[in-house]
Structure formats: C-alpha cells, structure tokens
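Asks: Fold the following and give me the result.
(chains A, B, C and D)
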2 protein chains.
Amino acid sequence: MKTAFGNIEMLLEAEGEEGRALSRAERRELQVQRILEAAKRCFAREGFQGASMQQICAEANMSPGALYRYFVSKEAIIEEICAAARRDDEEKLAEMLTKRNVIEGMVFGAMTHIRFVHETDACALIAQFHAEATRSESVRLIYCNHLAEVRGIFLNYLGAALERGEIDPLFELEALVPALMSIIQGIANNDLPANGVALDKVETVVRTVMISMLRPTGKAL
Amino acid sequence: MKTAFGNIEMLLEAEGEEGRALSRAERRELQVQRILEAAKRCFAREGFQGASMQQICAEANMSPGALYRYFVSKEAIIEEICAAARRDDEEKLAEMLTKRNVIEGMVFGAMTHIRFVHETDACALIAQFHAEATRSESVRLIYCNHLAEVRGIFLNYLGAALERGEIDPLFELEALVPALMSIIQGIANNDLPANGVALDKVETVVRTVMISMLRPTGKAL
DNA sequence: CCGAAATGCGAATGATCATTCTCAATTTAT
DNA sequence: ATAAATTGAGAATGATCATTCGCATTTCGG
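Replies: Numbering: from 1, shown residues only, chains lettered A, B, ... in the order given. As a prediction, this is how the structure comes out:
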C-alpha cells in the first residue's frame, strides 16, 4: 500500500518484530538511510555525475518530490555519504590504535581498513570520492579534513611510541606518516585480495613495510 | 584570420620556424593534439562527465562541427587520452628496466613515475581515469590491459634477477609484483611531494620498501 | 582551372537532468 | 474533531548536453 507516509509495511519490516510504532524522527531517519544506501549503489555503479536523481529515486523506491523532502540537492547527498564514511573511519581507527604494541597496532589498523574495503566492495565508491574531490570544493574540504585527522591520530600514536623508545623511524614522523598512509591507501584502493593476492600475503607486506620504516627497537613488552 | 582550415597562423606557429607548408596529415595530427590537450585540461578540471563538449571546443578554439571531424564522440576522446597515457608509460618503463642493478632499477622506475605525476600535475586526471574505469567498459579494458602489461614487464625483470640469484623475494613474484605496484601507485597518486614530503624522502621510502620486499643478496656487481 | 574531398562554423535537435510545483493523503497537536 | 504540519506522488520546467545538419570555404589531384 502506497500512502503519503510511504510504504508502511516496508518501514515496519525494517524496524523489526517489536511492533512498536515508529516516531516521526525514527521514520525520517529510516528514509534518510534508505536514500543514502540507494545513492551509494547508484554512485558506485555510474559515478557521481553519471547517476541521475531519477535513478536514485527508482533505486530508493521514492518519487523525486519525496526525496527532495530529505535532501536539498544531489550535492547534499554526496556530502552526507562522504561525511558518514569519514566518521566511520575515524571511529574505527581511534579505537584500534589505543591497544597493542606499535607494529601490531599499525598492521591491525591497516589490515582492518584493507579488509573493510575488500569486503564492502568500496573500491568503486572510493574512486568516485577521489574524482569528486578534485572538482567539488565541499567534497574536497571533507576529504582533506579527513586526511588531516587520520594523520593526526597516527602522529599521536607513533609519537608516543617514539618517546618511549620503542621505534627508531627512518626519518621524522611528519613526513613518514603521510608516506605510510599513501602506501596503505594504495594497497586498499587496489583491492589486492580481489586480484589474486591472498590476505595473509597482504598482511606480510604491510608488516614488512611497517618494520622497515619504523624499525622497532624491541623495548616494548 | 578564420579559414575553413582553421586558425592558420596558430598552426604555423605550432610547427615552428622552418616555414615549410604543412601536409594534410600533419595538419590533421596537429588538430588532434590540440583537441586532446584541451580535453585533458577540461577533464582534469571538471571530470569526464562534468566537462562538456562545448567547454572542450572553447578550450580548443574550435566549433563543435569541426571537433567532430576528428573524434566521433566524447567517449572516443577519453579512450584516446587513456591509450596515449598507457603507451607513454610502457615505453618509459621498458626502457628503464633494461639497465642498472635490480634495486636501483626498480627505485629509478618508481621515482620516474612519481616525479612525472608530480611535475605534470596528473593527479586529477588520474583520479578521473580510475573513476571512469569503474563504469565505462572500454576505459576499464584499456586500464586493465595497461596494468597487465606493466605487471608483465616487472615480472620479467624481477624474474631474471631471481634466476641470477640477485634477490630473495619475500614470496612469489606473481603476488609480490601487484603489491609493489599498488604501493608505488599509492605514493604517486597522492602526490606526496606536493604534500610536504620532499622527493629525497620519497626515494628513501621507495628504496626501503624495495630492499625489504626483494631482499637483494649482494650477488650483483 | 575544375570538381571532389576535406575542413570549419554555428545554429538546431532531441534527449536528459536537477529541481520545483501542485495537490492529495496522513499524522499530530490542540 | 479540526487545523496545521508533514510526507508523498508525479507532472512540469528550464537548463544543459552530446551530437547532427546545412552550408561556406579551402585544398588538392588531374
């Protein structure tokens, strides 16, 4: 049944068995997510500029009039997808790096990212991000801020290890960290596991890179 | 003066001082190059889908009617740009890897690529390639063939070094080579030199990676 | 020098796209 | 119960885009 409040059955289904009525805010959030998921699929398939709003509407099972109640423009959808991805990344990263010895922490962080990109098939979407960042001011800003924050997290983490004398880096961390990030990014964005390089091989590569760049001293437990 | 054969002065200018009249084929080649250069600027600025044919025409100082005498479609321009870039890369690479000891050869090859991307500001265009490769079948094919050929070149080069006992790689070259390529690509596409990591630092990183992955034995001269 | 082929211009075409508008159905608050 | 606010559908709008067309000019082979 189509109503002004959408496909009620679908919404109830999504919320699950508890049967509780959905508040206005909850319903709104569900619709927003529905649009974002549909848009991600379209963008990955056709690119940001290649995907039309009408396609996104079809994928989300929603009319243009309805969709525009939730996002003021196509650009706004793109920005929200970028921002959400950024939030996810930073959360995962900050959590990871609080534990473990420094090499294993870095390897684990890198491998979690690489595995995530592989498992969610995010390569195409990431390629679109990069391309869009070279031309949309707002997306570029989101992307650069993200990079800066990640760099900050690594700098803190490795800086502390350096203070404790656990590593003897090839050179100053301010230059080494961006280099490490580029390397990890290169591996992740190429989706090596999908191209015949098994995950354990990838991990060996990552660990080797970390050891040769950071040169652990053996001082850690 | 505008003539049916275009801005004659401009063409003569381009050909230089020899004053010789241009053959039909030469003039055609010049026009093709003019379009390709204009298109590259537009694509890097706006993306493949974002750049309009009218923009490319304006950038090339040419009417749509004229432009379509040289390329049957926008897609054809994109494909030619990709193919030309591929040809350049492979030429450079094959030449480089015939000389030098294996580590220095690899470092030199990687650094030449990294320097090229940095100096020609190719990052934006490369990002557009990647994005386009995820959605256009023909561009994807060109891109994959390119990757395969580069992989083949590295495999030959390192395979020979392995036979001669000059290296003791971390694991089989079939998996190691794609990993090395991803790492170099990550460094190049991020344009580290433009982001505060000096070129000599980048070279140190690349050499360290090569040594730790390939483990030279000292058997070479 | 003549006719055919090549080249160029720029207006026209038809499709597509992001966005808006109108109106109806539904919910919520009072 | 009723007014106000929210949500939705889908047609309409105006812009933009890739491509084509008609026609003029130039080049080249003979």
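
Asks: Quick check: the residue of chain A nearest chain B.
Replies: Residue nearest to chain B within chain A: A:Gly186 (1.9 Å; CB to the nearest CB). From N, CA and C alone the C-beta is placed, and that goes for glycine too.

Asks: What count of nearby residues applies to that residue?
Replies: 22 (other CB atoms under 10 Å in any protein chain shown).

Asks: Quickly find the element holding it.
Replies: Per DSSP states H and E, A:Gly186 falls inside helix A:173-189.

Asks: The helix or strand following that helix near chain B anywhere?
Replies: Once the chain leaves helix A:173-189, the next helix or strand it forms, by DSSP H and E, is helix A:199-214. Yes. Using CB under 8 Å from any CB of the partner chain, helix A:199-214 reaches chain B at A:Lys201, A:Val202, A:Thr204, A:Val205, A:Thr208, A:Val209, A:Ile211, A:Ser212, A:Met213.

Asks: Just the buried ones from the residues you listed?
Replies: A:Lys201, A:Val202, A:Thr204, A:Val205, A:Thr208, A:Val209, A:Ser212, A:Met213 (16 or more other CB atoms under 10 Å in any protein chain shown).

Asks: longest helix anywhere in chain A?
Replies: As assigned by DSSP state H, the longest helix anywhere in chain A is helix A:137-163.

Asks: Give me the most central residue, chain A.
Replies: Computing the C-alpha centroid of chain A and ranking residues by CA atoms, centre = their mean puts A:Ala85 first, at 3.9 Å.

Asks: what's near enough to touch that one?
Replies: Neighbouring residues of A:Ala85 by CB atoms under 8 Å, 6 or more residues apart in numbering or on different chains: A:Phe129.

Asks: Report the secondary structure element holding it.
Replies: Assigned by DSSP H and E, A:Ala85 falls in helix A:74-96.

Asks: With A:Glu37 instead?
Replies: Going by DSSP H and E, A:Glu37 is part of helix A:24-46.

Asks: List the buried residues of that helix.
Replies: Applying 16+ other CB under 10 Å to helix A:24-46 flags A:27, A:30-31, A:34-36, A:38-46 as buried.

Asks: do stretch A:174-184 and chain B meet at all?
Replies: Yes. Stretch A:174-184 is in contact with chain B by CB under 8 Å from any CB, via A:Glu174, A:Ala175, A:Leu176, A:Pro178, A:Ala179, A:Met181, A:Ser182, A:Ile183, A:Ile184.

Asks: out of those, who's nearest A:Glu119?
Replies: Checking the residues of stretch A:174-184 next to chain B against A:Glu119 with CB to CB, the nearest one is A:Ile184 at 16.2 Å.

Asks: wouldn't that closest one be in contact with A:Met111 here?
Replies: No. Counting by CB atoms under 8 Å, A:Met111 is not a contact partner of A:Ile184; they are 9.3 Å apart.

Asks: what residues are shared contacts of these two?
Replies: With CB under 8 Å, 6+ apart as the test, A:Ile184 and A:Met111 both reach A:Val206.

Asks: if we can go back for a sec, for the buried ones among the residues of helix A:199-214 next to chain B, give me CSV that also has distance to B:Ile142 and pLDDT.
Replies: What follows is these, written out as CSV (distance: CB to CB, whole Å; pLDDT from 0 to 100):
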residue, distance to B:Ile142, pLDDT
A:Lys201, 27, 98
A:Val202, 26, 98
A:Thr204, 32, 98
A:Val205, 27, 98
A:Thr208, 32, 98
A:Val209, 30, 98
A:Ser212, 34, 98
A:Met213, 34, 98
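
Asks: What is the burial count for A:Arg100?
Replies: Neighbours of A:Arg100 under the rule other CB under 10 Å: 14.

Asks: hang on, it in a helix?
Replies: No. Under DSSP: H, G, I helix; E, B strand; the rest coil, A:Arg100 falls outside any helix and is assigned coil.

Asks: So which residues make contact with stretch A:162-174?
Replies: By CB under 8 Å, 6+ apart, the surrounding residues in contact with stretch A:162-174 are A:101-102, A:155, A:158-159, A:161, A:176, A:212-217, A:219-220, B:196, B:201, B:204-205, B:208.

Asks: Pull out the buried positions in that stretch.
Replies: A:Leu162, A:Glu166, A:Ile167, A:Pro169, A:Leu170, A:Leu173.
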